[in-house]
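Peer 1: quick one, structure for this:
(one chain, ligands or ions: 1)
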Amino acid sequence: MNPTVRPTPARAALRLGLAALVAALVGCVRAPVTDRLQVNVVPEKLLLAVGRSTYTEMLQGQSLSTKSADGAVLKRVGQRISRTSGRPDYAWRFNLVDDKDTLNAWCLPGGKIAFYSGILPVLENEAGMAFVMGHEVAHATAHHAAERMTQQLALLGGMSALYLAVDRRTELTDRQKNVMMGALGVGAQVGFILPFSRKHEKEADIIGLMYMSRAGYPPEESVEVWERMEALSGGRSLPAFLSTHPSHAQRRANLREWMAQAKKRYQRSALREDTLRALWR
Ligand SMILES: [Zn+2]
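Peer 2: As a prediction, the model looks like this:
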């Protein structure tokens, strides 16, 4: 046996550290508004292609409200918000899915956005929609998907190093090794991926708040949206897209922290005199 060929945990950790350093040097970008430094090794071209094909797949077989009045409002809000986001190069898409039982909205890389009609009563008016639209647009412009993929790649590297370390402990039975690896995997999911996702949600709220203000929508409505969401969910289990989000109270507190800045942007917005539509009760 050649000892130089067999990877040691120290060598694997070193390799991982070097990979992280290369990643940090190659893929450092900043998020809009918050200016947070991000490590991102996923090429945007690849991400845009995945966003495009996944969007088509996800909307296939769904009933889309393309010609309805609500669908037209969604497009208008989406266009106003995306124009303030500094990404005219994205092929933005805004679709309303006719599904009253689903309280949800999502965004794929490159600005492919869908809202479900079940969320409309919570949004209540065009400004409420503008806040959630701003939030979804922010996930795209702040490269949250790419950052998450980068993290998962790093996690995969870290898991491989741990596996090599556990595998070398010859006194453990295979069953013990498996249990140990399972526990490490779950720990990594909860401790690493989930909190980061909350960070993304908080950041999307802040960026979304700024986008809606710049697009001429009164920023105070953002807090109202979370109040209505809380009233609706009171005691019941939350919709899937909220389950990893920060608490409603926490979100309102974050928004209030940035409200003065948002109001200044709103006051400067040339679009704020536009009549807003009160909708969906
Ligand atoms: Zn979100």
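Peer 1: residue contacts, R52?
Peer 2: R52 makes contact with A91, G110, K112 under the criterion C-beta atoms under 8 Å, 6 or more residues apart in numbering. Using the backbone N, CA and C atoms, a C-beta is placed for each residue, glycine as well.
Peer 1: sorry, wrong one. I was asking about F131.
Peer 2: If you count contacts by C-beta under 8 Å, 6+ apart, then F131 has L123, G208, L209, M212, Y217, P219, E221, S222, V225 around it.
Peer 1: got the residues of the stretch 101-250 of the chain near the ion?
Peer 2: Residues of the stretch 101-250 of the chain found near the ion, taking C-beta under 5 Å from the ion as the criterion, are E201, A204.
Peer 1: any low-confidence regions in the stretch 101-250 of the chain?
Peer 2: Where the stretch 101-250 of the chain drops to pLDDT under 70, the residues are 159, 162-163, 180-181, 183-196, 233-246.
Peer 1: what ranges does it have for its strands?
Peer 2: For the stretch 101-250 of the chain, the strands defined by DSSP state E, counting those that start in this stretch cover 105-108, 112-116.
Peer 1: give me whichever of these is most buried.
Peer 2: The highest average neighbour count among these, using mean count of other C-beta atoms under 10 Å, belongs to strand 112-116 at a mean of 24.
Peer 1: now for that strand, which elements pack on it?
Peer 2: When contacts are defined as 3 or more C-beta pairs under 8 Å, 6 or more residues apart in numbering; DSSP states H and E, strand 112-116 packs onto helix 44-59, strand 93-97, strand 105-108, helix 126-141.
Peer 1: I figured M210 hits W258, correct?
Peer 2: Yes. Counting by C-beta atoms under 8 Å, M210 does reach W258; the two are 7.4 Å apart.
Peer 1: quick one, which of the two is more surrounded?
Peer 2: Neighbours per residue, other C-beta atoms under 10 Å: of M210 and W258, the larger number sits with M210, 22 against 19.
Peer 1: tell me the contacts of that one?
Peer 2: Neighbouring residues of M210 by C-beta under 8 Å, 6+ apart: V33, G134, W258, Q261, A262, R265.
Peer 1: kindly recompute the last result at 6 Å.
Peer 2: V33, A262 (C-beta atoms under 6 Å, 6 or more residues apart in numbering).
Peer 1: burial count for P88?
Peer 2: 8.
Peer 1: ah, wrong one, I meant T56
Peer 2: T56 has 10 neighbours, counted by other C-beta under 10 Å.
Peer 1: would you mind giving the contacts of R52 as a markdown table with distance to V50 added?
Peer 2: Shown next, in a markdown table, are these (distance: C-beta to C-beta, whole Å):
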| residue | distance to V50 |
| --- | --- |
| A91 | 14 |
| G110 | 9 |
| K112 | 10 |
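Peer 1: D98: which of those is nearest?
Peer 2: K112 (18.0 Å; C-beta to C-beta).
Peer 1: please name the bridge partners of that closest one.
Peer 2: R93, L108 (DSSP bridges).
Peer 1: that one contacts R93, correct?
Peer 2: Yes. Contact criterion C-beta atoms under 6 Å: K112 and R93 qualify, at 4.9 Å.
Peer 1: list the contacts for F94?
Peer 2: L74, K75, G78, I113.
Peer 1: run the last query once more with 8 Å
Peer 2: L74, K75, V77, G78, Q79, I113, A114, F115, M133 are the contacts of F94 under C-beta under 8 Å, 6+ apart.
Peer 1: now do the shared contacts for K112 and R93.
Peer 2: Common neighbours of K112 and R93 (C-beta under 8 Å, 6+ apart) are Y55.
Peer 1: for V50, which non-adjacent residue is spatially closest?
Peer 2: Using C-beta to C-beta, 6 or more residues apart in numbering and skipping residues adjacent in sequence, the residue nearest V50 is P109, 6.4 Å away.
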